[in-house]
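Peer 1: Got a predicted model here, sequence first, then my questions.
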Amino acid sequence: MKKYSYLFLVLFVFINCKNQQAITPTGLVTQKAMVVSAREEASKIGADIMAKGGNAFDAMVGTQLALAVAYPRAGNIGGGGFMVYRKNTGEVGTLDFREKAPLSAHRDMYLDSLGNVIPDMSTKGATSVGVPGSIAGIIEVHKKLGKLSLKDIFEPVIALAENGVKVTEKQAEILKGYRKTFIEVNSDSTKFASVYNAGDVIKYPALAKTLKIIQERGHDGFYKGEIAQKLAAFIQKNGGFVTEEDLARYQAVWRDPVRFNYKDLNIISMAPPSSGGVTMNQIFKMIKPYDLATFGHNSEKTIQVLTEAFRRSYADRNYYLGDPDFVEIPLDYLLKDSYLKQRMSNFSFDKATSSEAVSHGKVEVVESMETTHYSIIDADGNAVSVTTTLNGNFGSKLYCDELGFFLNNEMDDFSSKAGVPNMFGLIGAEANNIQPEKRMLSSMTPTIVEKDGKLWMVVGTPGGSTIITAVAETILNTYEFNLSMQEAVNAPRFHHQWVPDVLIFEPDGFSPELITNLKAKGYQVNIENNTIIGKVDAILVLPNGQLEGGADRRGDDKAVGF
Ligand code: DON
């Protein structure tokens, strides 16, 4: 009998330790502080700010600006984003610095007289530009949570812009790919009409000048006075709608995060106008009854459970979510256990659910675009998770040569017409229609995870509609499947978004047998497109308090710390 109780005890400990297995780190490990971002130059500026005595919030300001210099395809001052934070005291919060529709915007502004969506109008050039929020965001973060002076934070970024940034192989390829569009949108005298090769150094004197004005005058340096006048005149001269009044009225907004539990994790993420937190909350509640760890990482059963949860949550996302300042979102209902249980009740391992059975919609294939995410932890244990974007690669492609930055094409994240897909194949409904000063719905999912009440992970990614699923998979890769932070980031990903009813896989890492089995069950699989799903930059707090970075192998991303 004694022998059996011993056996039960061992079994009990084993089962309960399933998620507590020691994970061997494979990414950069540092003792105290770290920044992981899309470019080494930006991670280094953020880490240096913390080494000089700044906190994670000072580093956020520096990293955001440094990405605008070193990573112009997505890093920005002409776009917007979201920050989720957790102070070392456990206090959490979020800042919404998402772009807004200009005052003159209206519901049918991208439709022709027959009610059809006018091609390119919400995606390319000045007509697609929303009122930028990034400078309001960083100044607000600095005012409320920063330690160092703006002067100290801006200095290394201005030096980077003046001294220039080396073009990487990947960047050279992308700049060449977009060169024709830059010329088409801006004329051939624009900075990016030049051909840049890997190894070239690009200097940004106009951006340095703009940054100096903001360094001195803060929020008003961008939203009022010389820059605002020049920016509004430039956008309007090119046919766009943003006015000086739009800029003068822009404010970032502090919002409560979405918080939910998954087993012993407490996940803190972005609330609407981002769909990230709510959709992840639905996904994690729907998958909770299934023992993914036993099914195995990226196994057929795990992929099925996640896909069916993704499918159902995106259907709700597209219908119900929008800017909470404009629409009522039935959050209590959408997040109710009984509702989510009922949503999964028609799922079977034998056969794919058809998206038609979940709801309607016919759309085109998702286009891969660009945004950027960075994760920061400082020596005091404050954590910052920021996703920021111009929407498309280089946003609207409209580059203000005089001020030195690209403008977003975020207006395309609205639903131009109910039922017609945007460039991510996402279809929208009334909740995300266009209204003056409204914020467009986003998928950006900057997230912080606590385990047993302590800071555990900072995570996020670009990837348009694939952001939410990539963040969910990264958390599960470490929590359920014991991958290190770097392995969790590197692991091949898959994605489903309800419509189109297609299960997308990254090219490497999924066996032909698995794909055949899923097809046999009725999943419409796409693995041929060589799609990259997200570029996750994350930090894991190891049991001994050290930090492990996960910098995505898919880009030039880099973890830097001390
Ligand atoms: O806010 C959104 O959901 C989109 N504008 C994000 C765009 C994006 O992630 C593109 N990146 N690959």
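Peer 2: Arrived safely, thanks for sending.
Peer 1: nearest residue to I533 other than its sequence neighbours?
Peer 2: R493 (4.2 Å; C-beta to C-beta, 6 or more residues apart in numbering). Quick note: C-beta positions are derived from backbone N, CA and C, even for glycine.
Peer 1: how near is F347 to the ligand?
Peer 2: Going from F347 to the ligand by C-beta to the nearest ligand atom, to the nearest Å gives 27 Å.
Peer 1: picking up where we left off before, the residue nearest to I533: neighbour count?
Peer 2: R493: 27 surrounding residues under other C-beta atoms under 10 Å.
Peer 1: In this structure it contacts D508, no?
Peer 2: No. Here R493 does not reach D508: they are 11.0 Å apart, not a contact under C-beta atoms under 8 Å.
Peer 1: before we move on, back to that, who are the neighbours in contact with the residue nearest to I533?
Peer 2: Applying C-beta atoms under 8 Å, 6 or more residues apart in numbering, one finds that R493 lies in contact with T466, T469, A470, E473, E506, I533, G534.
Peer 1: quick one: the second one and W498 touch, right?
Peer 2: No. Between T469 and W498 there is no contact, the gap being 11.1 Å when judged by C-beta under 8 Å.
Peer 1: higher neighbour count, those two?
Peer 2: T469 (30 against 24).
Peer 1: just checking, the more buried one is part of a helix?
Peer 2: Yes. Counting by DSSP: H, G, I helix; E, B strand; the rest coil, T469 is found in a helix.
Peer 1: Of all the residues in the stretch 251-400 of the chain, which one is nearest the ligand?
Peer 2: Nearest to the ligand, among the residues of the stretch 251-400 of the chain, is T371, at 3.1 Å (C-beta to the nearest ligand atom).
Peer 1: so that residue bridges to which residues?
Peer 2: On the basis of DSSP bridges, T371 takes part in beta bridges with T389.
Peer 1: What is the burial count for it?
Peer 2: 29.
Peer 1: before we move on, what about S511?
Peer 2: So S511, with other C-beta under 10 Å, has 10 neighbours.
Peer 1: Let's see the pLDDT reported for it.
Peer 2: As predicted, S511 sits at a pLDDT of 97.
Peer 1: again, but for S359
Peer 2: Predicted confidence (pLDDT) at S359: the value is 68.
Peer 1: do the same with S355
Peer 2: 89.
Peer 1: Now V141: which helix or strand?
Peer 2: Assigned by DSSP states H and E, V141 belongs to helix 134-145.
Peer 1: Just the CA coordinates for that helix, please, in PDB.
Peer 2: Provided in PDB are the C-alpha atoms of helix 134-145 (Å, rounded to 0.1, in the frame of the first residue of the first chain):
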ATOM      1  CA  SER A 134       3.400  57.900 -32.200                       C
ATOM      2  CA  ILE A 135       4.800  61.200 -31.000                       C
ATOM      3  CA  ALA A 136       1.800  61.800 -28.700                       C
ATOM      4  CA  GLY A 137       2.400  58.300 -27.400                       C
ATOM      5  CA  ILE A 138       6.100  58.600 -26.500                       C
ATOM      6  CA  ILE A 139       5.600  62.000 -25.000                       C
ATOM      7  CA  GLU A 140       2.700  60.800 -22.900                       C
ATOM      8  CA  VAL A 141       4.800  57.700 -21.700                       C
ATOM      9  CA  HIS A 142       7.700  60.000 -20.800                       C
ATOM     10  CA  LYS A 143       5.500  62.500 -19.000                       C
ATOM     11  CA  LYS A 144       3.800  59.800 -16.800                       C
ATOM     12  CA  LEU A 145       6.400  57.100 -16.400                       C
END
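Peer 1: Please spell out which residues along that helix are buried.
Peer 2: S134, I135, A136, G137, I138, I139, E140, V141, H142, L145 (16 or more other C-beta atoms under 10 Å).
Peer 1: go on, stretch 50-63?
Peer 2: M50, G54, N55, A56, F57, D58, A59, M60, V61, G62, T63.
Peer 1: Run through the stretch 1-150 of the chain and note the low-pLDDT ranges.
Peer 2: Scanning the stretch 1-150 of the chain for pLDDT under 70 picks out 1-21.
Peer 1: Could I get the contacting residues of the residue of the stretch 251-400 of the chain closest to the ligand?
Peer 2: Neighbour list for T371: A74, T387, T388, T389, L390, N391, M444, P462, G463, G464, I467 [criterion: C-beta under 8 Å, 6+ apart].
Peer 1: do that again at 7 Å, thanks
Peer 2: T371 makes contact with A74, T387, T389, M444, P462, according to C-beta atoms under 7 Å, 6 or more residues apart in numbering.
Peer 1: Look up how far T389 lies from the residue nearest to the last one when sequence neighbours are not counted.
Peer 2: Of all residues not flanking P462 in the chain, T371 sits nearest, at 3.4 Å (C-beta to C-beta, 6+ apart). Shown here: T371 relative to T389, a distance of 4 Å by C-beta to C-beta, to the nearest Å.
Peer 1: Overlap in contacts, those two.
Peer 2: With C-beta under 7 Å, 6+ apart as the test, T371 and T389 both reach A74, M444.
Peer 1: Name the SS class of L540, please.
Peer 2: strand.
Peer 1: For burial, what's the neighbour tally of the closest residue to it other than its chain neighbours?
Peer 2: Using C-beta to C-beta, 6+ apart and skipping the chain neighbours, the partner closest in space to L540 is M485 (3.8 Å). Residues near M485, counting by other C-beta under 10 Å, number 33.
Peer 1: outside of stretch 278-289, which residues touch it?
Peer 2: Stretch 278-289 is contacted by residues 258, 260, 262, 267, 269, 272, 305-306, 309-310, 312-314, 316-317, 321, 331, 334-335, 337, 340, 343-344, 445, 468, 471-472 when judged by C-beta under 7 Å, 6+ apart.
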